[in-house]
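build me a model:
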Amino acid sequence: MAFLSKLFGNNTSKKTSNDNVEAIIHDVENRPYGVSENNVLFAGLNELGGYFFFQTVIVGQLNIKSKVGATLLFKGENFELKLNSDMPEFESEGSDIKGRNVTKIDFQIEESDIKQLENAKLNSVQLNVKKQTILFTKYIVSDEEE
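Purely as a prediction, here's the structure:
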């Protein structure tokens with residue numbers, strides 16, 4: 001994921017959570033997969049040695065250390081898919097910007113589920129880790145940004 005080098009921007013932190021989310025989106029050159037109140041989800045599919053992964057990077061206020069893994073739940077029109085993280089242990093890393101963390105989590109995905117996910121009209125993506133639940137909604141690009 002080439003955008004990782006751009007995650008550690010040098011903007012000053014903003015006061016409201018919406019401004020924080022917009023600052024993250026501005027700092028990272030890739031298009032967000034989803035946004036929550038305080039975090040931005042960047043994601044993409046990858047294949048390694050015949051195994052498929054849905055790689056995610058969450059940038060924002062999420063600051064967590066897990067030894068039990070996480071789940072990612074996709075919900076859409078007549079569609080629901082639950083993915084488990086490929087590693088039980090992961091940890092958020094701080095960034096140069098106060099209050100902003102970067103959390104990288106890879107999820108296992110079956111090849112048969114990839115096409116369904118790509119064709120689904122998603123409403124939300126829910127991250128469950130430890131006792132936290134973060135609901136991401138689809139990021140809508142404004143006409144000015146395109």
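
of all the helix elements in the chain, which one is longest?
helix 17-27 (DSSP state H).

list the buried residues of it.
20, 21, 23, 24, 25, 27 (16 or more other C-beta atoms under 10 Å). Where C-beta positions appear, they are placed from N, C-alpha and C, glycine not excepted.

cool, stretch 79-96 as well?
By 16+ other C-beta under 10 Å, the buried positions in stretch 79-96 come out as 81, 83, 85, 86, 90, 92, 95.

cool, stretch 62-71 as well?
Those would be 62, 64, 66, 69, 70, for stretch 62-71 by 16+ other C-beta under 10 Å.

go on, stretch 32-42?
Of the residues in stretch 32-42, those buried (16+ other C-beta under 10 Å) are 32, 33, 34, 35, 36, 38, 39, 40, 41, 42.

give me the subset of those residues lying in strands.
If you go by DSSP state E, the buried residues of stretch 32-42 have 34, 35, 39, 40, 41, 42 in strands.

against residue 46, how distant is residue 130?
Counting by C-beta to C-beta, to the nearest Å, the gap from residue 130 to residue 46 is 25 Å.
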